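Visitor: Can you look at this prediction? I've put the sequence above it.
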Amino acid sequence: GLRWRLDALHLHTRNLRGGDFGIIAFRPDRGKTTLVAQEVTFMAPQLLDLYPDEFRPAVWLNNEGPGQRILSRIRTTALGVDLDEFIEMGAENARTEYVKLMRGNEELIQVKDIHGWNNNDVEELLRKLNPGLVVFDMIDNIQFSGSTLNNGERTDQLLEAQYQWARNQMVKLDAVGLATSQISGDGEGKRYPAQTELKDSKTGKQGACDFIITGGYDPSTPNYRYIGMTKNKVKRKGAKSSPNAIV
């Protein structure tokens, strides 16, 4: 399976295997993309060992901002530099060092812009790419054309169906799925937001995943984030369900 880079996560979960699907949620502009980028750049090279006989990349489905911005974040995170240091390295040097970290394959992490796409478009793309790891950034923005339980039309019912669809795709593909989400305003300023504080959902999203990672923020300690797991069905034997770690 895939090992987390962050010890706070690795020590509390088993390695992730195909079909595992989790949510990573922060308040806006509190480090969600950075956390996902650091984990994807660490996990992607592991895919080469997990699938030595076929190419199964990490695919980042982006429908929030420009994909080039995400790609830059991925590369600076992989290299352990900020944007200014990245620019100082020069394009060719930066690319060479990045490819080394990706064990010679620049296409090991692929960012795909899916703005305005529906779930059928996404399914077709995933079948073509055959990924081993998928980041859904964000599922909430995918236009969902599937059915919901009891023909529900509320936002939370639609989101539950969307997240259940994504989880099913990971089972079909035998891939690991990470979905980004947001913490609602009720979780502002909290170190360890509750499971019910996911945006637009009290139980829907929560029931359609194997684990939920929350990143908390305390204005009195602005340089730290607080990592919790409000749901953990991939718990490592003998470990607590939630790390409640300061990072």
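Guide: Okay, I see it. Numbers count the residues shown, from 1 in each chain.

Visitor: which sections of the chain are below the confidence cut-off?
Guide: 147-154 (pLDDT under 70).

Visitor: For the most centrally placed residue in the chain, which non-adjacent residue is spatially closest?
Guide: Centroid-nearest residue in the chain, with Cα atoms, centre = their mean: Leu178, separated by 3.5 Å. Distances taken as Cβ to Cβ, 6 or more residues apart in numbering place Val135 nearest to Leu178, at 5.0 Å, with adjacent residues excluded. Using the backbone N, CA and C atoms, a C-beta is placed for each residue, glycine as well.

Visitor: returning to that earlier point: what lines up beside the helix or strand that contains the residue nearest to the centre of the chain in the sheet?
Guide: Assigned by DSSP states H and E, Leu178 falls within strand 176-182. Strand 176-182 pairs in its sheet with strand 21-26 (parallel), strand 133-137 (parallel), by DSSP bridges.

Visitor: Mind listing the residues bridging to the residue nearest to the centre of the chain?
Guide: Beta bridges link Leu178 to Gly22, Val135, judged by DSSP bridges.

Visitor: For it, give me its contacts.
Guide: By Cβ atoms under 8 Å, 6 or more residues apart in numbering, the residues touching Leu178 are Phe21, Gly22, Ile23, Ile24, Val36, Glu39, Val40, Leu133, Val134, Val135, Phe136.

Visitor: at 7 Å what do you get?
Guide: Counting by Cβ atoms under 7 Å, 6 or more residues apart in numbering, Leu178 makes contact with Gly22, Ile24, Val36, Val135.

Visitor: How about the secondary structure of the spatially closest residue to His10 that is not a sequence neighbour?
Guide: Ranked by Cβ to Cβ, 6+ apart and with sequence neighbours excluded, the top spatial neighbour of His10 is Trp4, at 4.2 Å. When classified by DSSP: H, G, I helix; E, B strand; the rest coil, Trp4 comes out as coil.

Visitor: pretty sure Trp4 is in contact with Glu39, am I right?
Guide: Yes - using Cβ atoms under 7 Å, Trp4 is in contact with Glu39, at 6.1 Å.

Visitor: okay, those two: which has more neighbours?
Guide: Glu39 (24 against 18; other Cβ atoms under 10 Å).

Visitor: Next up, identify which helix or strand that one is on.
Guide: In this structure, Glu39 sits in helix 32-50 according to DSSP H and E.

Visitor: I'd like the distance from that helix to the chain centre, please.
Guide: 9 Å (Cα atoms, centre = their mean, to the nearest Å).

Visitor: helix or strand right after that helix?
Guide: Beyond helix 32-50 toward the C-terminal end (DSSP H and E), the next one is strand 58-62.

Visitor: Extract the CA atoms of that following strand and return them as PDB.
Guide: C-alpha atoms of strand 58-62 as PDB (Å, rounded to 0.1, in the frame of the first residue of the first chain):
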ATOM      1  CA  ALA A  58      -1.200   9.700  -9.700                       C
ATOM      2  CA  VAL A  59      -3.900  11.900 -11.200                       C
ATOM      3  CA  TRP A  60      -4.900  15.200  -9.700                       C
ATOM      4  CA  LEU A  61      -8.400  16.300 -11.000                       C
ATOM      5  CA  ASN A  62      -8.500  20.000 -10.600                       C
END
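
Visitor: Contacts for the helix or strand just after that strand next, please.
Guide: Counting by DSSP H and E, the element after strand 58-62 in chain order, helix or strand, is helix 67-79. Contact partners of helix 67-79, identified using Cβ under 7 Å, 6+ apart, comprise 33-34, 37-38, 40-41, 60, 62, 82-83, 86, 94, 97-98, 101, 109, 111, 113.

Visitor: swap the cut-off to 8 Å and go again
Guide: Contacts for helix 67-79 (Cβ under 8 Å, 6+ apart): 33-34, 37-38, 40-41, 60, 62, 82-83, 85-86, 89, 94, 97-98, 101-102, 109, 111-113, 137.

Visitor: Thought Leu16 was touching Gln46, still the case?
Guide: No - Gln46 is beyond contact range of Leu16, at 9.8 Å (criterion: Cβ atoms under 8 Å).
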